[in-house]
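1. Return atomic coordinates for the entry below.
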Amino acid sequence: MQQQKGFTIMELMITVSILTILVTIAVPGMNSYMDKRKLINATEAIYSQLVYARSEAISRSVNVAVRIVGTDSTHWAIGVSTNDACNPALTDPNAAGACVLTVSGTKTNVLKHIVSTDYPGVELGDGAVDHTINFNPTRGTIGTGEDGMAVLRYGNYVLQIIVTPIGRARICSPGSGKGGYPQC
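-> Predicted structure coming up:
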């Protein structure tokens, strides 16, 4: 008897059908995962700027501000500077009003900002926003009566960043605590 090599057409059709079913099941789950990752990446980038601003306020012994501005929930920018009226949308570190920190001992300005175009589809707040969080050099606290909060959305997912009066930032998830962060 001679041995056959290869697959029959029936075996090939069954294999392709099974693969099609598996891909059909996996794609929506992958899209959901990618949506969550976009939101988490944007939230963690903003969180890191808040932590950085607090540490710079303490180490430089000056007030350091995080300025959050936006024309609507999809067009926003966040910047860190010793100038609490800086414009985080500016991309030239030498432009007047850019959100920069000067490197100690030099006259080099380092641009410290995040813009919505870096995270397409991630929404900040519920509309137009112009908010500043000032970190005091004394223990990195924020100003009395200041609201240290930002809400980010992407699709059905929501994350929140809260800055406590003592200057500690944390990420939480309103509602169910999804996304790997504790419930707010």
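
2. For the longest strand that the chain contains, which strands pair with it and how are they oriented?
-> Secondary structure of the chain per DSSP state E: the longest strand is strand 64-72. Using DSSP bridges, strand 64-72 pairs in its sheet with strand 75-81 (antiparallel), strand 129-135 (antiparallel).

3. which of those strands has the lowest average pLDDT?
-> Ranked by mean pLDDT, the strands paired with strand 64-72 end with strand 129-135 at the bottom, a mean of 88.

4. Please identify the buried residues of that one?
-> Going by neighbour count (16 or more other CB atoms under 10 Å), the buried part of strand 129-135 is 129, 131-135. For every residue, glycine as well, the C-beta is placed using N, CA and C.

5. for the strands paired with strand 64-72, which one sits closest to residue 112?
-> strand 75-81 (3.9 Å; CB to CB).

6. Please state the offset of the following helix or strand past that closest one from the chain centre?
-> Scanning forward in sequence from strand 75-81 by DSSP states H and E, the next helix or strand is strand 100-102. Its chain's average C-alpha position is 21 Å from that of strand 100-102, according to CA atoms, centre = their mean, to the nearest Å.

7. Do a quick rundown of the strands in the chain.
-> 64-72, 75-81, 100-102, 109-111, 113-115, 123-124, 129-135, 149-154, 157-163, 169-172.
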